[in-house]
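Peer 1: okay, sequence plus prediction incoming.
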Amino acid sequence: MKTTIEKLPGETEGVSYELTVFRFKGASRQAPTAYIQAALHAGELPGVVAVHALMPLLRNAEAEGRIAGDITIVPAANPIGRAQYMFGELEGRFHLGTRTNFNRDFPLLGRPDKSALPQLGPASTVDRRLKHLLVGLSMGHDIVLDLHCDDEGVPYLYVPAQLWPAMQDCAAAMGVEAVILWDGASGAAFEEAAIHPYLQMPPAKAGLDRRVVTTVEFRGLADVYSRHAKSDAEGIYRLLATRGVIADGKAAKPKKFSGIAAPINHVDLIAMPRAGAILFHVDPGQRVRKGAKLATIVHTPGERDGALDILAPQAGYVLTRVSKRSGRAGDDIIKLIGETRSAKPKAGALED
Ligand SMILES: [Zn+2]
């Protein structure tokens, strides 16, 4: 295994950032290759600790000569966001300098080759240069995992619809509860940048059946625990074994995914009709019937009519909810995977 440090000069004198990259060399040129990055949204750490737990498994496989395909790992992909503390709070989702989400506006290449990256001018902002660097590091790998987390939620995946159901074995290997299938545009999220060049090719050449591209949502922001890190690392390892990146007959268990897989237009974003305190009546992972009470909003405390209930617009599965317990009118507080298409499907990515 080789460790390299990528340097990213900052935008002012004396400021620069560093990214660590681990590379395992595969024994076979025919074997699929994998790229894994964590914490592109810099405060989302379940993936970082999962990578930390994964590394000993990979080092062990390397010592035993069982790494078949090249593996590239970026354990903490966003040192810029990681440093953005304001009044004691980490802002790791948006770059403060450009107000741009760190997981949007990635370059979408016409072919899967980093030489297709557009030239960056000297005035390019540092978040843009980070995005080019990450696309360059990941491009050409058959398997691309971008490890994130939600606010409070079950483990789930976003998967390009073109890769489903071929990726069922991966969802099963990782042990996630749900898969959201998207197509069209995502605002050029990293995941879209990873699959886009292959969707420009004739299907026979693109080899979509061997490709794995996913945004992995490892539960919620506060779900940073040893036991989750261990099971998530084992899930990633099983995926790598199942797809032949690592030779491990015991871990490779092709099986059918038994969780929920739904198109993104089935997701109902449940919004607060009024500002106030949120009393949740459902947890992530719970199935609900149409009209079930999801939450009560206490908008005028103490008054006889000071609260109102939010009901499920259709039967479905509670995927996530926010961790805060207060909100403004219009704030989305629950993602519900409905059994049918949402009456108000959101175009593109679910969140800004
Ligand atoms: Zn994220």
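Peer 2: Perfect, thanks for sending it. Numbering: from 1, shown residues only.

Peer 1: please identify the buried residues of the helix or strand that residue 20 is a member of?
Peer 2: The secondary structure element spanning residue 20 is strand 16-24 (assigned by DSSP states H and E). For strand 16-24, the neighbour count (16 or more other C-beta atoms under 10 Å) marks 17, 19, 21-22, 24 as buried. Heads up, the C-betas are built off the backbone N, CA and C, glycines and all.

Peer 1: ok, these vs residue 77, which is closest?
Peer 2: The shortest distance between residue 77 and any of the buried residues of strand 16-24, using C-beta to C-beta, involves residue 19 and amounts to 6.9 Å.

Peer 1: so who does the closest one touch?
Peer 2: Applying C-beta atoms under 8 Å, 6 or more residues apart in numbering to residue 19 gives the contacts 5-6, 8, 74, 76-77, 79, 133.

Peer 1: scan the residues you listed and report the most crowded one.
Peer 2: Among those, the one with the most neighbours (other C-beta atoms under 10 Å) is residue 77, at 30 neighbours.

Peer 1: on that earlier part again, now render the buried residues of strand 16-24 as TSV, adding pLDDT and distance to the ion.
Peer 2: Compiled in TSV, the buried residues of strand 16-24 are given as follows (pLDDT from 0 to 100; distance: C-beta to the ion, whole Å):
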residue	pLDDT	distance to the ion
17	98	19
19	97	17
21	98	20
22	99	21
24	98	25
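
Peer 1: nearest to the ion: which residue in the stretch 101-250 of the chain?
Peer 2: Proximity to the ion, evaluated over the stretch 101-250 of the chain using C-beta to the ion, is greatest for residue 148 at 3.3 Å.

Peer 1: enumerate every residue touching the residue lying closest to residue 345 once chain neighbours are set aside.
Peer 2: Ranked by C-beta to C-beta, 6 or more residues apart in numbering and with sequence neighbours excluded, the top spatial neighbour of residue 345 is residue 265, at 3.8 Å. Taking C-beta under 8 Å, 6+ apart as the contact definition, residue 265 lies against 341-342, 345.

Peer 1: which of those are buried? Put it as a ChimeraX command.
Peer 2: Buried residues among those (16+ other C-beta under 10 Å), as a ChimeraX selection:
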select :342
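
Peer 1: closest one to residue 70 out of the contacts of residue 265, please.
Peer 2: The shortest approach to residue 70 among the contacts of residue 265 belongs to residue 345, at 38.6 Å (C-beta to C-beta).

Peer 1: now that closest one: how far from the ion?
Peer 2: Distance of residue 345 to the ion, given as C-beta to the ion, to the nearest Å: 21 Å.

Peer 1: what of residue 271?
Peer 2: Relative to the ion, residue 271 is positioned 20 Å away (criterion: C-beta to the ion).

Peer 1: spatially nearest residue to residue 1, not counting backbone neighbours?
Peer 2: Of all residues beyond its chain neighbours, the one nearest residue 1 is residue 24 (5.2 Å), with distances taken as C-beta to C-beta, 6+ apart.

Peer 1: bridging residues for the one you found?
Peer 2: Using DSSP bridges, the beta-bridge partners of residue 24 come out as residue 71.

Peer 1: what residues are up against it?
Peer 2: Residue 24 touches 1, 58, 62, 67, 70-73, counting by C-beta under 8 Å, 6+ apart.

Peer 1: if we use 10 Å, what do you get?
Peer 2: For residue 24, the contact set (C-beta atoms under 10 Å, 6 or more residues apart in numbering) comprises 1-2, 33-34, 55, 58-59, 61-62, 67, 69-73, 245-246.
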